[in-house]
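# this one's structure only:
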């Protein structure tokens with residue numbers, strides 16, 4: 001019930017955001033299709049989220065003194081498992097086909113980047129996502145872990161921007177894997193979550209002791225007590241957004257550097273390719289070229305495209321015989 005209330009409470013804001021996206025031509029998805037996707041998301045939230053919350057509630061009841069520690073262990077395991085199975089859930093919302101089917105030349109060019117980066121993603125793990133039925137935005141990404149790792153290029157990207165820019169995007173995404181951003185992110189998140197779980201447990205316990213009689217809550221182990229714990233965790237998650245986004249921006253910048261170096265010697269002008277890729281991304285998503293610094297600090301998981309383009313324009317470590325940060329040549 002809590003999950004349904006929270007999801008439905010966000011519906012008006014999500015609908016307004018979609019209306020704005022339609023107005024400016026970023027989205028082309030009709031309201032019927034949008035509502036179907038919303039229903040799918042709600043179904044997944046209830047189908048997966050409810051058992052997960054019941055698991056954590058059970059942990060609180062059976063280990064009232066150290067539930068934050070056992071809950072943290074369960075959260076870390078679920079986080080790793082989610083990263084592994086993410087590609088298996090993506091077809092619920094979008095259609096995919098082998099990239100080789102419609103863009104064999106692009107596959108051959110991406111294989112050049114695969115060889116240079118050593119990411120070992122064969123052509124059969126490269127897919128085209130039919131994004132054009134929903135959006136005019138551009139994107140290409142790598143998802144999954146181990147056996148589920150794959151490359152996805154949106155059909156709005158393939159054929160709409162030059163292949164060298166897609167090679168750069170792929171080089172950027174490859175950087176996340178080669179530089180171990182996923183395990184590093186998981187490790188940092190695990191350590192950070194341990195502290196957050198411990199602090200939230202202390203705050204929630206204090207709230208129940210201080211206001212429990214007024215709220216009709218006798219213990220955190222009960223259903224109503226568990227709602228108090230969820231409230232504290234939600235507030236903490238919001239308050240800590242700037243911290244998690246700062247880590248994300250750092251990793252994204254490293255991946256930008258890696259991507260530009262990865263296409264060195266493969267494309268004619270890596271600097272120009274990276275700059276035009278960022279310009280095209282910013283234009284497609286109508287990103288403001290001068291975002292508010294506080295908005296960037298609190299909400300941006302990536303540096304602004306303007307910042308990224310400016311860095312790429314001036315990044316040439318091979319000038320005067322120098323070496324790249326991640327590649328010697």
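Looks like it arrived, so ask away. Bear in mind the structure is a predicted one, so any value in this text is a computation, not a measurement.

# What residue, apart from its backbone neighbours, is nearest the spatially most central residue of the chain spatially?
In the chain, the centroid-proximal residue (CA atoms, centre = their mean) is residue 301; its distance is 8.3 Å. Among residues not flanking residue 301 along the chain, residue 248 sits closest, at 4.2 Å (CB to CB, 6 or more residues apart in numbering). C-beta here means a position set from N, CA and C on the backbone, and glycine is covered the same way.

# Give the burial count for the one you found, as a bare number.
If you count neighbours by other CB atoms under 10 Å, residue 248 ends up with 16.

# just checking, it touches residue 303?
No: in this structure residue 248 lies outside contact range of residue 303 using CB atoms under 8 Å: 9.8 Å.

# State the distance from the residue nearest to residue 301 to residue 329.
Here residue 248 is placed at a distance of 30 Å from residue 329 (CB to CB, to the nearest Å).

# and if you look at residue 189?
Going from residue 189 to residue 329 by CB to CB gives 35 Å.

# can you check residue 44 too?
Separation of residue 44 from residue 329 (CB to CB): 46 Å.

# quick one, which of the two is more surrounded?
It is residue 44, of residue 44 and residue 329, that has more neighbours when counted by other CB under 10 Å, with 13 against 8.

# so the more buried one is in which element?
helix 31-44 (DSSP states H and E).

# tell me which residues in that helix are buried?
By neighbour count on 16 or more other CB atoms under 10 Å, the buried set for helix 31-44 is 34, 37-38, 42.

# CSV please, covering those residues and showing pLDDT.
Shown next, in CSV, are these (pLDDT from 0 to 100):
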residue, pLDDT
34, 96
37, 96
38, 94
42, 91
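
# Need the residues you listed in a markdown table (columns: distance to residue 49).
Converted to a markdown table, those look like this (distance: CB to CB, whole Å):
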| residue | distance to residue 49 |
| --- | --- |
| 34 | 21 |
| 37 | 17 |
| 38 | 15 |
| 42 | 10 |
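
# of all the residues you listed, which comes closest to residue 105?
Among those, residue 37 lies closest to residue 105 (CB to CB), at 32.0 Å.

# distance of that closest one from residue 29?
Distance check for residue 37 against residue 29: by CB to CB, it reads 8 Å.

# Equivalent analysis for residue 274, please.
30 Å.

# With neighbour numbers in mind, choose between these two.
A direct count of neighbours by other CB under 10 Å for residue 274 and residue 29 places residue 274 higher, at 28 against 18.

# centre of the chain versus the helix or strand harbouring that one, how much separation?
If you go by DSSP H and E, residue 274 is part of helix 270-284. Mean-position distance between helix 270-284 and its chain equals 20 Å (CA atoms, centre = their mean, to the nearest Å).

# The helix or strand just after it - what's its average pLDDT?
Helices and strands here follow DSSP H and E; after helix 270-284, the next one along the chain is helix 293-299. Averaging pLDDT along helix 293-299 yields 94.

# can you list contacts of the next helix or strand after helix 293-299?
Towards the C-terminus, the helix or strand next in line after helix 293-299, according to DSSP H and E, is helix 305-314. Helix 305-314 is contacted from outside by 253, 256, 260, 271, 274-275, 278-279, 281-282, 287, 289-291, 302-303, using CB atoms under 8 Å, 6 or more residues apart in numbering.

# now helix 305-314 and helix 270-284, what's the angle there?
170 degrees (axes from the mean of the first three to the mean of the last three CA atoms, to 10 degrees).

# So which bits of helix 305-314 are buried?
For helix 305-314, burial by neighbour count (16+ other CB under 10 Å) applies to 305-309, 311-312.

# Which stretches in this structure count as strands?
Applying DSSP state E to the chain gives strands spanning 96-98, 126-129, 140-143, 150-154.
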